[in-house]
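J.: make a model of this:
(one chain, ligands or ions: 1)
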Amino acid sequence: MALLKCKECGHEISDEAKACPNCGKPQKNKPLSTSLSKQITIYFVSLFLPPFGLWYAWKYLEKGDQELRKIGLTAVVLTIISIVASIWFTVALINLVNQSLNSINLDNFQ
Ligand SMILES: [Zn+2]
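T.: Now for the predicted structure:
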């Protein structure tokens, strides 16, 4: 359990509190999970559904907590890797298709 600051008055409150005990402001932000299963979900989404990984990354980076930021940064890195891999794969595929087309053309001319 970590302490959060109330967005309204800055009073320190438990991340499990539903409302600020000082000013009564409802705390809608549910604490972000750092459980392994949650991390695996985030990393999976980052790798295979790149744009959505950034949504998680933003949510985790925004919190400022070191543990959460680490998860957020990992999600960003995985998203970048995924995008680079997609581009690389697309370029490799285009090259392969071009090569196939070239060899077909050569066959026709010979
Ligand atoms: Zn408050």
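J.: which bits of this protein sit near the ion?
T.: Applying C-beta under 5 Å from the ion, one finds that the chain approaches the ion through 6, 8-9, 11, 20, 22-23, 25. No exception for glycine: its C-beta is placed from N, CA and C like everyone else's.
J.: packing partners for the host helix or strand of Trp55?
T.: Trp55 belongs to helix 50-61 when assigned by DSSP states H and E. Under the contact definition 3 or more C-beta pairs under 8 Å, 6 or more residues apart in numbering; DSSP states H and E, helix 50-61 sits against helix 36-48, helix 66-109.
J.: coming back round to it: now, the residues of the chain next to the ion that are in strands?
T.: When these are checked against strands (DSSP state E), there are no matches.
J.: counting neighbours, which of these comes out on top?
T.: Cys20 (20 neighbours; other C-beta atoms under 10 Å).
J.: hmm, that one is touching Leu4, no?
T.: No. Cys20 lies out of contact with Leu4 (C-beta atoms under 8 Å); the separation is 9.5 Å.
J.: now the common contact residues for those two.
T.: Shared contacts of Cys20 and Leu4 (C-beta atoms under 8 Å, 6 or more residues apart in numbering): 13, 27.
J.: if I look at the spatially most central residue of the chain, how far off is the ion?
T.: Central residue of the chain (C-alpha atoms, centre = their mean): Gly53, 2.8 Å from the mean position. Distance of Gly53 to the ion, computed by C-beta to the ion, to the nearest Å: 33 Å.
J.: nearest residue to that residue other than its sequence neighbours?
T.: Nearest in space to Gly53, with sequence neighbours left out and distances taken as C-beta to C-beta, 6 or more residues apart in numbering, is Ser46 at 2.9 Å.
J.: on that earlier part again, any chance of the residues of the chain next to the ion in TSV, plus pLDDT?
T.: As requested, the residues of the chain next to the ion are exported to TSV (pLDDT from 0 to 100):
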residue	pLDDT
Cys6	85
Glu8	86
Cys9	93
His11	90
Cys20	88
Asn22	92
Cys23	93
Lys25	86
